[in-house]
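Asker: sequence first, predicted coordinates after that:
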Amino acid sequence: MNTREVLIMAASGLLLAGLACLPLADEGFWLTLGISLAGYVAMSTAWALFSGPTSYVSLATAAFFGTGAYVVVNLGETAPWPVVLVVAAVCGALLALLAGMATLRLTGVHFVIFTFGLAELIRQLVTWYQTNIGGAVGQYVFVDISSAQIYWQLLALCGLVFLAGWAINRSRLGLALRVIGDDETVAAHSGINTARVKLLLFCISGAFIAVVGAVLAPRWTYIEPSIAFNSMISFQVVIMALLGGSRRLWGPLVGVIPFTVLYELISGHFPNHTHLLLGTAFLLIVYFLPQGVAGRIEQLRLRRTHRETHAARSPATLGETAR
Amino acid sequence: MSNHLLLSIAGLTKVFGGLVAVNQISFDIQAGEVVGLLGPNGSGKTTLMNLISGALRPTQGSVTLEGRRLTGLPPHRIAATGVARTFQLVRVLPSLSALENVMVGAVFGPDQVSPGAARAVARSVLERVGLGGREHLHPAEMTYIDQKRIELARALAADPRILLLDEWLAGLNPTELQTGIELIRSLQAEGRTVLMVEHVMDAIRSLCDRCVVMSAGSKLAEGTPAEVLANPDVIRAYLGDDHA
């Protein structure tokens, strides 16, 4: 670890500690917004751990999220909370393993459609089970946990996801993923077991998302499959990660914040036109920020260093190179 | 040059539907040899390379590296035994810098070098292929021959037992071609074993110890470059009956 990394680590730790003080100041609107932000940051970043470098767009987020929520439905009142979270992580990873073995041979749009179908399939299965065997479609969740505790757990999870992403990026695994994202043929011929690498990352990503589902489940008190496996979750996570930029660890973070704030503003001030305005906002974003916020920032930075080096070399050509 | 059998290809056949792309090919490569694989377009050279590197599974026959059967193994397992290759159409990794491109060969190759140590390996290999000082450029900022150099460096960084070059010299201008030939000659001098698909006759004459000529999927001739290029069957395959 070099000094720069130590500084970033320390700053991130301080930032997390600062954010953790939020429930002391406000228990209402701001805490709700904080929970929403922390949950989406954790999910989008976890999503991008796999989908960013490989460019495999997964719409299975709702499947992992719902799996975590249903672990709470079934175990929440009997098992200790940490055990519930671990079981949720394991179930998320197992589901990713099964789905991954079936789908990771697929590429491009086929993978997108299959993962979307997977979430729908699980939702239908749970609904079928509950109507035919379980007796009722919805279930109540009574877990003794406060909003502040949920918020802190999500913050801690964000920290964990970032640590995991940082460790992966430094490891052989991170390099392998980038090679796979660029060219799978080259990856395989360089000695990378592409199937195993993709599967492993898909499992890590799925486990984190399942834990978010578990932590957020007690917020609803009443859970049914259409809430837990809501496909909007999958789409929002993709949109936020892409808005931020999925090729950098901090990319999704800078997508989640403007998106969530924008969503709150639009749905708060124009409740009848939310979807119309949100749609317009998307069009503008895609048009002006095709590379995401992170991509735009890097572009600007690159242009600046470019200009500086050129200026240092020959001030006369500055006018041409600046554009 | 030692007389030690490195790669052995026996009865290798690949059938695509009704087309026999590679038909009962057999030949051996000794350690330290540079062997040319020649033949008109569509004669099955690249398919043969793909069968050796594991990109394709053979219909019949076997590939053996130092007694170890490679047939049917997936490409990453074959790479781990020390087979490295370049591609007919250059394949560099666009989002990685030149240095990172080359590190990949060392990190995931047979020696599984740690990322830290692989940096040093990559630096020295880049220096070797003439890209010293340009480690941090991305492939998009480089010329065609430099991208080919990166690809060769990536293969070399794995420290392979055998290097498969699929038309590595194609598409270079005359000056670049001389540089390219010198580079391969230096590999030969350090004792590397190379199997190269090539159309450039100057390169074949000056580099290859031995050549295998294919036509319509079958082996037509085998011998020194002078022998095979004088062979009437080979001339017929390339130029037609009138010239034989």
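Answerer: Received, thanks.

Asker: relative to the whole chain's centre, how far out is stretch B:168-188?
Answerer: 13 Å (C-alpha atoms, centre = their mean, to the nearest Å).

Asker: now do the SS call for B:Ala117.
Answerer: Secondary structure assignment for B:Ala117 (DSSP: H, G, I helix; E, B strand; the rest coil): helix.

Asker: count the neighbours of A:Ile233 for me.
Answerer: For A:Ile233, the neighbour count with other C-beta atoms under 10 Å in any protein chain shown is 25. Where C-beta positions appear, they are placed from N, C-alpha and C, glycine not excepted.

Asker: my read: it touches A:Phe65, true?
Answerer: Yes - between A:Ile233 and A:Phe65 there is a contact at 5.4 Å, judged by C-beta atoms under 8 Å.

Asker: if I look at the two, which residues touch both of them?
Answerer: Residues touching both A:Ile233 and A:Phe65 (C-beta atoms under 8 Å, 6 or more residues apart in numbering or on different chains): A:Met43.

Asker: can you list the residues of chain B near chain A?
Answerer: With C-beta under 8 Å from any C-beta of the partner chain as the criterion, chain B comes near chain A at residues B:53-55, B:74-76, B:79-80, B:84-85, B:87, B:91, B:93-96, B:100, B:103-105, B:107-110, B:114-115, B:154, B:158.

Asker: can you flag the buried ones in the residues you listed?
Answerer: Neighbour-count burial (16 or more other C-beta atoms under 10 Å in any protein chain shown) applied to the residues of chain B next to chain A gives B:53-55, B:75-76, B:79-80, B:84-85, B:87, B:91, B:93, B:95-96, B:100, B:103-105, B:107-110, B:154, B:158.

Asker: which residues of chain A fall in strands?
Answerer: A:139-140, A:222-223 (DSSP state E).

Asker: closest to chain B out of those?
Answerer: Nearest to chain B, of all the strands of chain A, is strand A:222-223, at 41.1 Å by C-beta to the nearest C-beta.

Asker: which other residues reach the closest one?
Answerer: Here strand A:222-223 makes contact (C-beta under 8 Å, 6+ apart) with A:Ala69, A:Tyr70, A:Val73, A:Gly138, A:Gln139, A:Tyr140, A:Val141, A:Ala217.

Asker: if we can go back for a sec, can you list the strands of chain A in TSV and add distance to A:Leu121?
Answerer: Formatted as TSV, these follow (distance: least, C-beta to C-beta, whole Å):
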stretch	distance to A:Leu121
strand A:139-140	20
strand A:222-223	19
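
Asker: picking up where we left off before, make a ChimeraX selection of the buried ones in the contacts of strand A:222-223.
Answerer: Applying 16+ other C-beta under 10 Å to the contacts of strand A:222-223, the buried members can be selected in ChimeraX as follows:
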select /A:69,70,73,139,141,217
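
Asker: and the least confident of the contacts of strand A:222-223?
Answerer: Minimum pLDDT for these is recorded at A:Gly138 (77).

Asker: I figured it hits A:Glu224, correct?
Answerer: Yes - at 3.9 Å, A:Gly138 counts as touching A:Glu224 under the criterion of C-beta under 8 Å.

Asker: okay, stretch A:82-95 in CSV with CA atoms only?
Answerer: Taking C-alpha atoms only, stretch A:82-95 is exported to CSV below (Å, rounded to 0.1, in the frame of the first residue of the first chain):
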residue,chain,number,x,y,z
PRO,A,82,-25.9,-11.9,12.2
VAL,A,83,-26.7,-15.5,11.3
VAL,A,84,-29.6,-14.3,9.1
LEU,A,85,-27.2,-12.0,7.2
VAL,A,86,-24.7,-14.7,6.7
VAL,A,87,-27.4,-17.1,5.4
ALA,A,88,-28.6,-14.4,3.1
ALA,A,89,-25.1,-13.9,1.7
VAL,A,90,-24.7,-17.7,1.2
CYS,A,91,-28.0,-18.0,-0.5
GLY,A,92,-27.2,-15.1,-2.8
ALA,A,93,-23.9,-16.7,-3.7
LEU,A,94,-25.5,-20.1,-4.3
LEU,A,95,-28.2,-18.6,-6.5
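
Asker: off-centre distance for that stretch?
Answerer: 17 Å.

Asker: by contact count, what packs against whichever strand or helix holds B:Lys148?
Answerer: For B:Lys148, the host element (DSSP states H and E) is helix B:144-157. For helix B:144-157, the helices and strands in contact under the criterion 3 or more C-beta pairs under 8 Å, 6 or more residues apart in numbering or on different chains; DSSP states H and E are strand B:83-85, helix B:98-108, helix B:115-128, strand B:162-166, helix B:174-189.

Asker: tabulate these (CSV), appending mean pLDDT.
Answerer: Shown next, in CSV, are the helices and strands packed on helix B:144-157 (pLDDT from 0 to 100):
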stretch, mean pLDDT
strand B:83-85, 96
helix B:98-108, 95
helix B:115-128, 93
strand B:162-166, 95
helix B:174-189, 91
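
Asker: got the ones you listed as JSON lines, with distance to A:Leu160 columns?
Answerer: Below are the helices and strands packed on helix B:144-157 laid out as JSON lines (distance: least, C-beta to C-beta, whole Å):
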{"stretch": "strand B:83-85", "distance to A:Leu160": "38"}
{"stretch": "helix B:98-108", "distance to A:Leu160": "26"}
{"stretch": "helix B:115-128", "distance to A:Leu160": "23"}
{"stretch": "strand B:162-166", "distance to A:Leu160": "43"}
{"stretch": "helix B:174-189", "distance to A:Leu160": "47"}
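
Asker: tell me which of these lies nearest to A:Leu200.
Answerer: Nearest to A:Leu200 among the helices and strands packed on helix B:144-157 is helix B:98-108 (14.7 Å), distances taken as C-beta to C-beta.

Asker: CA atoms only: put that closest one into PDB for me.
Answerer: The C-alpha coordinates for helix B:98-108 follow below in PDB (Å, rounded to 0.1, in the frame of the first residue of the first chain):
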ATOM      1  CA  ALA B  98       1.100  -1.700 -23.100                       C
ATOM      2  CA  LEU B  99       2.700  -2.700 -19.800                       C
ATOM      3  CA  GLU B 100      -0.500  -4.300 -18.500                       C
ATOM      4  CA  ASN B 101      -1.100  -6.100 -21.800                       C
ATOM      5  CA  VAL B 102       2.300  -7.800 -21.500                       C
ATOM      6  CA  MET B 103       1.900  -8.500 -17.800                       C
ATOM      7  CA  VAL B 104      -1.100 -10.600 -18.600                       C
ATOM      8  CA  GLY B 105       1.200 -13.100 -20.300                       C
ATOM      9  CA  ALA B 106       3.400 -13.500 -17.200                       C
ATOM     10  CA  VAL B 107       0.600 -13.400 -14.600                       C
ATOM     11  CA  PHE B 108      -1.600 -16.100 -16.100                       C
END
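
Asker: my guess is B:Ser206 contacts B:Gly180. True?
Answerer: No - using C-beta under 8 Å as the test, B:Ser206 is too far from B:Gly180 to be in contact (11.4 Å).

Asker: when the two are compared, which one has more neighbours?
Answerer: A direct count of neighbours by other C-beta under 10 Å for B:Ser206 and B:Gly180 places B:Gly180 higher, at 22 against 13.

Asker: near chain B, which residues of the stretch 101-250 of chain A?
Answerer: A:170-172, A:175-176, A:178-179, A:181-183, A:185-194, A:247.

Asker: and B:Leu6, helix, strand or coil?
Answerer: strand.

Asker: so what's it closest to, chain neighbours aside?
Answerer: Leaving aside its sequence neighbours, B:Leu6 sits nearest to B:Ala31 (C-beta to C-beta, 6 or more residues apart in numbering or on different chains; 4.4 Å).

Asker: chain center to the lowest-mean-pLDDT helix or strand in chain B: distance?
Answerer: The weakest-scoring helix or strand in chain B, judged by mean pLDDT, DSSP states H and E, is helix B:232-239 (a mean of 86). Centre-to-centre, helix B:232-239 and its host chain are 24 Å apart (C-alpha atoms, centre = their mean).

Asker: by contact count, what packs against it?
Answerer: strand B:210-215, strand B:218-223.

Asker: whatever residue of the stretch 201-323 of chain A ends up closest to chain B: neighbour count?
Answerer: In the stretch 201-323 of chain A, the residue found nearest to chain B is A:Arg247; the distance is 7.7 Å by C-beta to the nearest C-beta. A:Arg247 has 18 neighbouring residues, counting by other C-beta under 10 Å.
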